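Engineer: predicted model and sequence follow; I will ask about them next.
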Amino acid sequence: MKSTTASPAKSAKSRGGTAHTASRQRAVQREQDAKDNAKPAAKKSSQPAQAGPRSQPVNPMPAQHLSKPGLEAEMALRPRFEAPDYKGSGKLEGMAALVTGGDSGIGRAVAVLYAREGADVAIVYLEEDEDAEETRRHVEDEGARCIMIKGDVCEPAFCRDAIDKTLQAFGKLDILVNNAAFQLHAASIEDITDERFDLTLKTNVFGYFQMARAAVPHLGQGASIINTGSVTGLEGSAHLLDYSTTKGAIHAFTKSLASNLLPKGIRVNAVAPGPVWTPLNPADSPPEKVKDFGKKTDLQRPAQPEELSPAYVFLAAPSCASYITGIVLPITGSVGAI
């Protein structure tokens, strides 16, 4: 039987090797220590980051409070939705889309880029006629057809009617964007009444479910559904208890519906934005909080809707995302959103 004991020569060689490695580690450490001592510790930049083709507005945002549901036309600082540096290339040519909450904010920005990519667009909105008219003008300026459908996504009958009107106008439906939302802060769970909780659930969850249920029979292979989730559905929010609950439900709904519709070749995805400058936020928070909106992100500023809308094009376009379904895409302005 052979002995497993290392020979003295081999042991000495091994000790020499480890000593050499340890010596190298100490030399590298001394070198880094010298560099650290030669310059002050790096400080986090106090300037909001800009990474796009044009600089976006930074804090302080206008300390303004809007009445629900919030008119974009009344905002002191109008959200940017035009995306002037985005060039269309026919990714959605010949397609028809329906966007809920399409009158303003993210919905407006999405409607404009869908039109720029060749799609006709139906915009669903609650009562903001002035905002909806402006969105329609911009969609038509892109060379696409646009219809406005006024009503409440909380009502199943209205959801069916909205789909029918889209089909009558365009003869087809290829893309459904569920984007309408209700949001209101609360300091405590005790402040959230049954009526308010019901309203938040019906707008943010029932509305998405009912629109999808009405749309699916008319969607063919290659069609897609895109839901607007939220960073609050990923991380929670102490003062948006009911809202973040619904956004978490939307993320689960997205993944479940994606699995359900796989055999039909219909993709279902979600975008989870961080803070975005839209009427939703000054219609939620008091003025003193609105001015610091988005400041706590790593980019230290809120997004503008035009920074979100290209993601909705990407997820809708079969040429870009035919192998993507059931994802929640975080666009949060911060590192490590999931």
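Structural biologist: Good, I have the coordinates. Residues are numbered from 1 along each chain as shown.
Engineer: show me what contacts residue 244?
Structural biologist: 230, 232, 233, 236, 237 (Cβ atoms under 8 Å, 6 or more residues apart in numbering). C-beta coordinates here come from the backbone N, C-alpha and C atoms, glycine included.
Engineer: neighbour-wise, which of those leads?
Structural biologist: Tallying neighbours with other Cβ atoms under 10 Å puts residue 230 at the head of the contacts of residue 244, with 29 neighbours.
Engineer: could I get the phi/psi values of that one?
Structural biologist: The phi and psi torsions at residue 230 (degrees, to the nearest 10) take the values phi -170, psi 150.
Engineer: my guess is it contacts residue 275, does it?
Structural biologist: No - when contacts are counted by Cβ atoms under 8 Å, residue 230 is not listed as touching residue 275 (9.7 Å).
Engineer: ok so, going back, pull the most distant pair out of the contacts of residue 244.
Structural biologist: 230 and 236 (10.4 Å; Cβ to Cβ).
Engineer: okay, now the unreliable bits of this protein?
Structural biologist: Low-confidence segments of the chain, defined by pLDDT under 70, span residues 1-16, 41-45, 337-338.
Engineer: so what pairs up with the residue nearest to the spatial centre of the chain in the strands?
Structural biologist: Closest residue to the average C-alpha location of the chain: residue 273 at 2.9 Å, with Cα atoms, centre = their mean. Residue 273 forms beta bridges with residue 331, as assigned by DSSP bridges.
Engineer: and it, what does it touch?
Structural biologist: 106, 228, 229, 230, 231, 303, 308, 331, 332.
Engineer: which stretches of this protein form strands?
Structural biologist: 96-100, 120-125, 146-150, 175-178, 224-228, 267-273, 328-331 (DSSP state E).
Engineer: out of these, the one nearest residue 203 is which?
Structural biologist: strand 96-100 (9.8 Å).
Engineer: helices or strands up against the closest one?
Structural biologist: If you count contacts as 3 or more Cβ pairs under 8 Å, 6 or more residues apart in numbering; DSSP states H and E, strand 96-100 packs onto helix 105-116, strand 120-125, helix 156-170, strand 175-178, helix 207-215.
Engineer: need the longest helix for this protein.
Structural biologist: helix 8-38 (DSSP state H).
Engineer: burial measure for the residue lying closest to residue 313 once chain neighbours are set aside, as a count.
Structural biologist: For residue 313, ignoring the flanking residues on the chain, the nearest one in space by Cβ to Cβ, 6 or more residues apart in numbering is residue 113 at 5.2 Å. When neighbours are defined as other Cβ under 10 Å, residue 113 has 29 of them.
Engineer: how about the contacts made by residue 113?
Structural biologist: 83, 86, 88, 309, 310, 312, 313.
Engineer: picking that back up, now tabulate the helices and strands packed on strand 96-100 in a markdown table and tack on distance to residue 60.
Structural biologist: A markdown table is the format used below for the helices and strands packed on strand 96-100 (distance: least, Cβ to Cβ, whole Å):
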| stretch | distance to residue 60 |
| --- | --- |
| helix 105-116 | 20 |
| strand 120-125 | 29 |
| helix 156-170 | 38 |
| strand 175-178 | 31 |
| helix 207-215 | 33 |
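Engineer: distance check, residue 250 against residue 180.
Structural biologist: In this view, residue 250 and residue 180 are 12 Å apart by Cβ to Cβ, to the nearest Å.
Engineer: scratch that, residue 102 is what I was asking about
Structural biologist: From residue 102 over to residue 180 (counting by Cβ to Cβ), the distance is 8 Å.
Engineer: so for those two, which sits in the more crowded spot?
Structural biologist: residue 102 (32 against 24).
Engineer: many thanks, have a good one.
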